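1. what follows is a protein structure lacking sequence information:
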């Protein structure tokens, strides 16, 4: 009987221990309250496995594969288990606050041995069972299956104290952290950012020297942004991501809060060509354009190109609230992705970019837009002139004559000449840009080329709403904050990256390097299988869910 009781007691104790391990608090749970931002991993081993598999499938170099494998094993045995890194603001001896880092990770036995060899073997300090030493400007330690470091001794001690059970404010009990991170859920890799806390630090610092009038609205806007959390986990078919934004309802920038939490009903998908490569649709609140206009007015004096003054963009944005509605979409037409790879013409992708916005007063829109677009195009030509002037100043600075001959045999002549040629080409490319517009149904369509506008206005082509792949995403268009969609199907070849690596050849790199990298990039892009995301706003919380289809394994 005694032996039975003893066995029962041992089993109970063992079960309690296992239970304690199963519900062990996440490392981030014991972070001190008030973190400005955190980066976290939790069970990220599958992500490292897939990334390592991706490297192996595209790399033909065995040494690179072996190195990636070694690093992958190290990462899986440390941050692949669980890790957290936090940025805090701590008081300084000179007054005010300074940024401080705190990082901690669970480590397996092999990784623990490696980290132990990197920590100086000398006398240090101890908090409960956790020891640490000073190593240059950092405080580091390894105890209880954890490796940890911090740039501030007090910050590290406060964290270790919480690990030992000390009662103190913790980050996971703060509403600014708990609400968005709970909505995001457990992810393999995640991020948290507290805009309001950053604003508080900035206001405190600048308050010592009187907060500049120009910066006060910036700090107010930052405070109103509140807090944000995001994370993703990989799957066999790609990855899934979630984000949660909790704007601060007590922030002073009330228009910004209203803009962030606005929702609407969408119908623009019934107009967008089904062949479009990417779409981002947003519930742009009626006050969005005037709000942007006011910010442009604040920074007008700092605009070196004169673009804002010449275009009178702020004034037109203010007026647009009278005739534009609250449904906006930015669309990349078919061919836009490949055009974006053209390094010899950075503006090439604009020929495939169009925007849609619902019109609330068509008569007012038709009356205002001609003057606005004409002013905008005049300003673009002025911007091209500014680029040309910059090229002239660079010529004078380099000492190279207008005919291209060196005045001083400088070793950097070639670099200056290359930059001048690029600026001259950019001037020509900007000068060729023309903003054009038209109307389709109740929507204003704007583009940077007649070709793109014609494609967007063509009513004979199939539309996105009738596309089978788009319908399979099961996106909701009623009373939401926005949605995004990326189409699969664009196939890239190594030649699409030729212009990107052409410049490397001019400075001595062998052509074979560009060819090898181009093949790898084409392979990586061709694995993309499309994406979709849904953004909702309810009770002040903006939640976004995204799904990206990607082929990790070689086909």
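-> Yep, it's here. Note that the structure is a prediction, hence the values are computed from the model and not measured. Numbers count the residues shown, from 1 in each chain.
2. identify all contacting residues around stretch 221-228.
-> 176-177, 179-180, 191-200, 202-203, 243-248, 251-254, 256-257, 260 (CB atoms under 8 Å, 6 or more residues apart in numbering). Any C-beta I mention is one placed from the backbone N, CA and C, and that applies to glycine too.
3. and those, which are buried?
-> 176-177, 179-180, 191-200, 202-203, 243-248, 251, 253, 256-257, 260 (16 or more other CB atoms under 10 Å).
4. mind checking which of those residues land in helices?
-> 176-177, 179-180, 195-200, 202-203, 256-257, 260 (DSSP state H).
5. pLDDT wise, what is the nearest residue to residue 197 once chain neighbours are set aside at?
-> Computed as CB to CB, 6 or more residues apart in numbering, the closest residue to residue 197 that is not its neighbour in sequence is residue 36, at 5.3 Å. Predicted confidence (pLDDT) at residue 36: the value is 96.
6. residue 36: neighbour count?
-> 19 (other CB atoms under 10 Å).
7. OK, contacts around it?
-> Counting by CB under 8 Å, 6+ apart, residue 36 has contacts 86-89, 99, 193-194, 197-198, 201.
8. as CSV, those residues with distance to residue 495 and pLDDT would be great.
-> As requested, the contacts of residue 36 are exported to CSV (distance: CB to CB, whole Å; pLDDT from 0 to 100):
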residue, distance to residue 495, pLDDT
86, 46, 96
87, 43, 96
88, 49, 95
89, 50, 91
99, 46, 90
193, 40, 97
194, 46, 97
197, 49, 94
198, 45, 94
201, 50, 89
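9. where does the stretch 351-500 of the chain have low pLDDT?
-> 391-418 (pLDDT under 70).
10. cool, and the chain?
-> Those would be 1-24, 61, 64, 92-96, 207-214, 300-308, 310, 391-418, 503-509, 554-555, if you go by pLDDT under 70 across the chain.
11. my guess is residue 486 contacts residue 531. True?
-> Yes - using CB atoms under 8 Å, residue 486 makes contact with residue 531 at a distance of 4.0 Å.
12. which residues do the two both contact?
-> With CB under 8 Å, 6+ apart as the test, residue 486 and residue 531 both reach residue 548.
13. what lies in contact with the helix or strand hosting residue 469?
-> Taking DSSP states H and E as the criterion, residue 469 maps to helix 468-472. Residues outside helix 468-472 that contact it (CB under 8 Å, 6+ apart): 269, 274, 464-465, 485, 487-488, 530.
14. let's see it at 6 Å
-> Helix 468-472 has contacts (CB atoms under 6 Å, 6 or more residues apart in numbering) with residue 464.
15. phi, psi for the nearest residue to residue 195 once chain neighbours are set aside please.
-> Using CB to CB, 6+ apart and skipping the chain neighbours, the partner closest in space to residue 195 is residue 225 (3.7 Å). Dihedral angles of residue 225 (phi, psi; degrees, to the nearest 10) stand at phi -60, psi -20.
16. number of nearby residues for residue 225?
-> By the measure other CB under 10 Å, the count of residues near residue 225 is 22.
17. go on, residue 110?
-> 11.
18. and what of residue 271?
-> 20.
19. same thing with residue 129?
-> 10.
20. residue 314 touches residue 298, doesn't it?
-> No - Residue 314 is beyond contact range of residue 298, at 9.3 Å (criterion: CB atoms under 6 Å).
21. looking at these two, which one has more neighbours?
-> Neighbours per residue, other CB under 10 Å: of residue 314 and residue 298, the larger number sits with residue 314, 21 against 14.
22. ok, now which ones touch that one?
-> Here residue 314 is in contact with 293, 296-297 (CB under 6 Å, 6+ apart).
23. in three-state terms, label it for me.
-> Using DSSP: H, G, I helix; E, B strand; the rest coil, the structure places residue 314 in helix.
24. relative to residue 296, how far out is it?
-> 4 Å (CB to CB, to the nearest Å).
25. for the stretch 151-300 of the chain, just list every one of the helices.
-> 153-163, 175-184, 195-207, 216-224, 254-260, 288-299 (DSSP state H, counting those that start in this stretch).
26. out of these, which is closest to residue 458?
-> Residue 458 lies closest, by CB to CB, to one member of the helices of the stretch 151-300 of the chain: helix 288-299, at 27.2 Å.
27. right, I'll leave it there.
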